[in-house]
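1. sequence and computational prediction follow.
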4 protein chains.
Amino acid sequence: MMVRRTNTDDNELTARRRILDAAAREFAASGFDGARVDEIARKAGVNKALIYYYFKSKEELLAVLFEETRDAVFALFDAGVIRKMDFGTGDDARRMLTTFLEVLEERQDVIRVVLMECAKRTPINDMIFSMIGEILDRMMALAADTGYLVEKDREKAKVTEFFTGMMPILNYVAYHEIWMERFGMEEPALRAQFIDAFLGTHLAYTVRKAGR
Amino acid sequence: MMVRRTNTDDNELTARRRILDAAAREFAASGFDGARVDEIARKAGVNKALIYYYFKSKEELLAVLFEETRDAVFALFDAGVIRKMDFGTGDDARRMLTTFLEVLEERQDVIRVVLMECAKRTPINDMIFSMIGEILDRMMALAADTGYLVEKDREKAKVTEFFTGMMPILNYVAYHEIWMERFGMEEPALRAQFIDAFLGTHLAYTVRKAGR
Amino acid sequence: MMVRRTNTDDNELTARRRILDAAAREFAASGFDGARVDEIARKAGVNKALIYYYFKSKEELLAVLFEETRDAVFALFDAGVIRKMDFGTGDDARRMLTTFLEVLEERQDVIRVVLMECAKRTPINDMIFSMIGEILDRMMALAADTGYLVEKDREKAKVTEFFTGMMPILNYVAYHEIWMERFGMEEPALRAQFIDAFLGTHLAYTVRKAGR
Amino acid sequence: MMVRRTNTDDNELTARRRILDAAAREFAASGFDGARVDEIARKAGVNKALIYYYFKSKEELLAVLFEETRDAVFALFDAGVIRKMDFGTGDDARRMLTTFLEVLEERQDVIRVVLMECAKRTPINDMIFSMIGEILDRMMALAADTGYLVEKDREKAKVTEFFTGMMPILNYVAYHEIWMERFGMEEPALRAQFIDAFLGTHLAYTVRKAGR
DNA sequence: TATGAATGAGTGTTCATTCAT
DNA sequence: TATGAATGAACACTCATTCAT
């Protein structure tokens, strides 16, 4: 009787998947310009030319990773992971944020690249800001639905959502590992402290502004 | 009799200074890896080889820019620009933050590079985190002096100062111009809204925690 | 009841044939070195690997096309298309030349490649010159039979046959379409003028030399 | 006493010149697509990167060679090398043709490339046909001045000048060395025979047509 | 016969850096 | 100080060819 193996060894993944994963790691470690296609191939355990069989350029690799990440974030919204909770500052919010961070941390490599390329004046910047724009809109739609939108003025609300909502979270996801290495903290303490700070700042501000 | 002119035209600046300024612009536009020494020379209006007369490598150019920026930030602390104000959430804080942002905006190019290179696993990362560490320590010393240190635990305090204090400010300085281009806001409104958000989040949290 | 169709649609041709035709087009458009096996496969509507099932290399594709063309030219000689006419400068010669050009124009892609590769110092050059040598010998044998061989000296006769006989004809076949595009002439006028010129130059010279 | 050396050793030429010469040789030997920039650098005795210091691409190398050749041909016309002779079929014409061929033979490498690339559908084709068009116009202007223009109809005259005038000459220049190797003739005999044939065909036709 | 996946060896081009003056 | 010329070491990307099925 045959038993279907279900392990997730590297070798079980398709070459295309291994290439994408390796690219995410390499981009995160060296930035887009610093990343070497040779190194991506080595990390993925494939011939370099195979990368160009599946993707038309180094830039397309990044674009596909960005799309996957945007879709994953949208899936979180669609699944109601965030909406259903009590969008306040209590334990529910704490649990929700934990889940949210955990999911994003699976994509931390790509998020790092987003932050690195975010300030450059290159074509990649366009990809990033269209993605950021879409996600911001979802965040604001959610805030409006739950009654916590801080500002009547859409333009101003976007500023707040971006600079004190989205960015601290992305920063945490991107830098928490480096922080742990550099300043010697452990994951649970660091995350707990970040969540405290986020609840005490952005979410508290939101709740206060919404007048609840 | 010859009189030495003292105006500050671009052409009057030393070649060394023009090179550093050009490098900051080029690094900010393209990142460290994406920056081209040819382009720095072109922007500075000097021969490419002259760059290697003054600096031993592209990396040293960046190191010098980082040092200048760290010194400028330290000078702000030394001059008491921050300490002297009423470190709360009122108009004084608002004026102080405005001044602070204005000074940092003069160095926005270098700050952009800091954020870009912050997440990479390269030698540059060491330079950045030693600088960040020093500045964080000054921030915490100041917070302790003024009685607003949020946490007894130094480690935890550092986390809060970094993720909800330093990073939002650096992010604002780095991204505000791109934000204006992408989302079509004007400078005064954007800055006012950011200051509102920063006062309402990080500073409000600090003040609350300090029990005042 | 099923009836086997006998039309000659592209799809009805064997894969091998479609590959050869596509190769001729691609070689003519881009030269041998510029031609891409991927593109040949695309033009032929087959999988790239199938090309290597039928032919052992890109070079063999070209060799087969050359052989086909040489055989077609020999068939013209064997069929007496040229021999039977009055090999002079009158209407018969004009009709003969028209027929000859029409047949060669069907192979214009391969002839273009011959001219492109003719001057290179590559292995392909050997294939071409052995073909050219054989055809020249047939041309001279024909000229001898009809009494129009311009020179007693075989060596000198070969020069004349090549530079003022064979080459102008091959050049016409290879370049007439490009000429039409570039200088905006129509086919009938261009061909008529070329035939005038050829009769007035090479054939007139031949006839004069032969003393008739 | 110091004597200025006047030799023309390879080392006396500028690197830029050596690169162009090497490129002409390599293009002639392998065609544009078959030519290797590495090999050009090796032949020129320079570092490969230096080629890109002087020229922006492999294609620009070819463009510069084409321009030089067109200018050299124009200089022949401007100097009246051709115009001043008795444009007939006698000894003067023979001497003129000899001079003309000698000058062109100095550029035989580039002329070979012209013939190779002439039939391709690539950007290079544009460069070639604009050059050919200009030269043809000069040829026709000359023919008109000397009263030997074969046709009233400019369009038809161009066809004749191209297919029985320009092309046989370019073919001779391009292929005479290969011909000597392949069929074992010596230079003087081959050239004499070609000149005989050219006088007896294109020029005789021209003179007859002009009614002299 | 036919194909999707895979690869070794290039290929033109770039770039930080150095040299000679 | 300043520069035009020069270079070694990559770099992203390509391509003819082969493999497994």
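-> Sure thing, it's come through. Numbering: from 1, shown residues only, chains lettered A, B, ... in the order given.
2. pretty sure residue A:109 sits against residue A:24.
-> Yes. With contacts counted by C-beta atoms under 8 Å, residue A:109 reaches residue A:24, the gap being 4.0 Å. The way it works is simple: take the backbone N, C-alpha and C, and place the C-beta from them, glycine included.
3. quick check: the closest residue to chain C within chain A vs residue C:42, distance?
-> Closest to chain C within chain A is residue A:53: 11.3 Å, counting by C-beta to the nearest C-beta. Separation of residue A:53 from residue C:42 (C-beta to C-beta, to the nearest Å): 15 Å.
4. and the lowest-mean-pLDDT helix or strand in chain A, what's buried?
-> Taking mean pLDDT, DSSP states H and E as the measure, chain A has helix A:204-210 as its least confident helix or strand, at a mean of 84. Neighbour counts over helix A:204-210 (16 or more other C-beta atoms under 10 Å in any protein chain shown) mark A:204-207, A:209 as buried.
5. tell me which of these is nearest to residue A:72?
-> The nearest member of these to residue A:72, counting by C-beta to C-beta, is residue A:206 at 24.0 Å.
6. quick one: contacts for that closest one?
-> For residue A:206, the contact set (C-beta atoms under 8 Å, 6 or more residues apart in numbering or on different chains) comprises A:143, A:148, A:150.
7. in three-state terms, label the second one for me.
-> Pointing back at residue A:148 there. coil (DSSP: H, G, I helix; E, B strand; the rest coil).
8. quick check, pLDDT for it.
-> What the model reports as pLDDT for residue A:148 is 76.
9. from residue A:72, how far off is residue A:96?
-> Residue A:96 is 17 Å from residue A:72, by C-beta to C-beta.
10. for the residue of chain A closest to chain C, grab the count of nearby residues.
-> Per other C-beta atoms under 10 Å in any protein chain shown, the neighbour tally for residue A:53 reads 12.
11. distance of it from residue A:46?
-> From residue A:53 to residue A:46 the distance is 9 Å (C-beta to C-beta).
12. would you map the helices across chain A?
-> Using DSSP state H, the helices of chain A run over A:15-34, A:37-44, A:48-54, A:58-78, A:91-106, A:108-117, A:123-145, A:154-160, A:167-183, A:187-198, A:204-210.
13. and among those helices, the most buried is which?
-> helix A:108-117 (a mean of 24; mean count of other C-beta atoms under 10 Å in any protein chain shown).
14. what angle separates that one from helix B:108-117?
-> For helix A:108-117 against helix B:108-117, the angle by axes from the mean of the first three to the mean of the last three C-alpha atoms, to 10 degrees is 170 degrees.
15. residues touching helix A:108-117, excluding its own?
-> Residues external to helix A:108-117 that are found in contact with it (C-beta under 8 Å, 6+ apart): A:24-25, A:27-28, A:31-32, A:62, A:65-66, A:68-69, A:104, A:124-125, A:128, A:131-132, A:170-171, A:173-174, A:177, B:31, B:115-120.
16. pull that helix out as CSV, backbone CA atoms only.
-> Coordinates of each C-alpha in helix A:108-117 appear next as CSV, following Å, rounded to 0.1, in the frame of the first residue of the first chain:
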residue,chain,number,x,y,z
GLN,A,108,9.4,39.5,6.7
ASP,A,109,11.9,39.1,3.9
VAL,A,110,9.7,40.8,1.4
ILE,A,111,8.6,43.5,3.9
ARG,A,112,12.3,44.3,4.4
VAL,A,113,12.7,44.8,0.7
VAL,A,114,9.6,47.0,0.6
LEU,A,115,11.2,49.3,3.3
MET,A,116,14.6,49.3,1.6
GLU,A,117,13.2,50.3,-1.8
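17. touching DNA strand F at all, that helix?
-> No. Under the criterion of C-beta under 7 Å from any atom of the strand, DNA strand F is not reached by helix A:108-117; the shortest gap measures 14.0 Å.
18. for that helix, the distance to its chain's centre please.
-> Relative to the centre of its chain, helix A:108-117 is centred 8 Å away, using C-alpha atoms, centre = their mean, to the nearest Å.
19. ditto for stretch A:152-164
-> A distance of 20 Å separates the centroid of the chain from that of stretch A:152-164, by C-alpha atoms, centre = their mean.
20. do stretch A:166-184 as well
-> Counting by C-alpha atoms, centre = their mean, stretch A:166-184 comes out at 12 Å from the chain centroid.
21. need the residues that contact it.
-> Applying C-beta under 8 Å, 6+ apart, the contact partners of stretch A:166-184 are A:100-101, A:104-105, A:107-108, A:111-112, A:114-115, A:132, A:135-136, A:139, A:185-187, A:190-191, A:194, A:197-198, A:201-202, B:118-119, B:125, B:129, B:133, B:155, B:158-159, B:162-164, B:167-168, B:171.
22. give me that answer again for 7 Å
-> Identification of contacts with stretch A:166-184 by C-beta atoms under 7 Å, 6 or more residues apart in numbering or on different chains yields A:101, A:104-105, A:108, A:111-112, A:114-115, A:136, A:139, A:185-187, A:190, A:194, A:198, A:202, B:118-119, B:129, B:158, B:163-164, B:167-168, B:171.
23. please name the nearest non-neighbouring residue to residue A:76.
-> The shortest distance from residue A:76 to any non-neighbouring residue, by C-beta to C-beta, 6 or more residues apart in numbering or on different chains, is to residue A:103 (6.1 Å).
24. actually residue A:147, sorry about that
-> Using C-beta to C-beta, 6+ apart and skipping residues adjacent in sequence, the residue nearest residue A:147 is residue A:210, 6.0 Å away.
25. how about low-confidence regions in chain A?
-> Counting by pLDDT under 70, chain A has low-confidence residues at A:1-11, A:83-89, A:212.
26. and with 50 instead?
-> The model of chain A has pLDDT under 50 over residues A:1-10, A:85.
27. which segments of it make up each domain?
-> According to automatic domain parsing, chain A comprises the domains A:1-55, A:58-209.
28. of all the ones you listed, which lies closest to residue D:92?
-> Counting by C-beta to C-beta, residue D:92 lies closest to domain A:1-55 out of those; the figure is 62.1 Å.
29. for DNA strand F, tell me whether that closest one is touching it.
-> Yes. Counting by C-beta under 7 Å from any atom of the strand, DNA strand F is contacted by domain A:1-55 at A:35-38, A:48-49, A:52.
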